[in-house]
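Novice: I'd like to go over a predicted model; first the sequence, then the structure.
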Amino acid sequence: MFTYGNTEPLKVAGSFTTDIQLGNHILNAEFIVIEGRGQALLGRDTATQLGVLKITDPTSYIFNNVGEKDTCDKLFKTYGKCFQGIGKLKDFQLEIPIDKSVNPVAQQPRCITLSQRAKLLEKLEELEKLDIIEKAEGPIP
């Protein structure tokens, strides 16, 4: 059992099953106890069976307030600005950690086939117009 994005497995101390209740929903669920510290989490299946999580599409999760059945329309109406245009992170400078003990390696530029060149240039132009990327001239640090 791994946490998201981790390569080391969790150290499982044990597990137990018990009945849990939320509103009118009663469910017998398994709990896994791990060593160390961490936040208690509900699994997708348990959350769905309790009615806390509603999956309407395999690629999107809509979390409902306990006991309330939110619809997509209500979410769009309440948080409409969040669903418009392309999301951008503003006023944030990303710091990329660099391991100074690793020697840098220069890689050869990759060629693109002539048949794909027009599509690539079109996409680059589109991304530049949307202010997602910007053209860089000369050497780049």
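Specialist: Happy to help now that I have it. Being a predicted model, the structure only gives us computed values, none of them experimental.

Novice: what's around A47, how many residues?
Specialist: By other CB atoms under 10 Å, the residues close to A47 number 19. C-beta coordinates here come from the backbone N, C-alpha and C atoms, glycine included.

Novice: just confirm it is within a helix.
Specialist: Yes: assessed with DSSP: H, G, I helix; E, B strand; the rest coil, A47 lies in a helix.

Novice: which residues touch it?
Specialist: Counting by CB atoms under 8 Å, 6 or more residues apart in numbering, A47 makes contact with L53.

Novice: which residue ranges of this structure form helices?
Specialist: Along the chain, the segments classed as helices by DSSP state H run 44-50, 72-78, 114-129.

Novice: comparing those helices by mean pLDDT, which bottoms out?
Specialist: Among the helices of the chain, helix 72-78 carries the lowest mean pLDDT, a mean of 75.

Novice: who are the packing partners of that one?
Specialist: Contact partners of helix 72-78 among helices and strands, from 3 or more CB pairs under 8 Å, 6 or more residues apart in numbering; DSSP states H and E: none.

Novice: let's see that helix as CSV, backbone CA atoms only.
Specialist: Below are the C-alpha coordinates for helix 72-78, written out as CSV (Å, rounded to 0.1, in the frame of the first residue of the first chain):
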residue,chain,number,x,y,z
CYS,A,72,-23.6,20.3,-11.2
ASP,A,73,-25.9,23.2,-12.0
LYS,A,74,-25.7,24.4,-8.4
LEU,A,75,-21.9,24.1,-8.4
PHE,A,76,-21.6,26.0,-11.7
LYS,A,77,-24.0,28.7,-10.4
THR,A,78,-22.1,29.1,-7.1
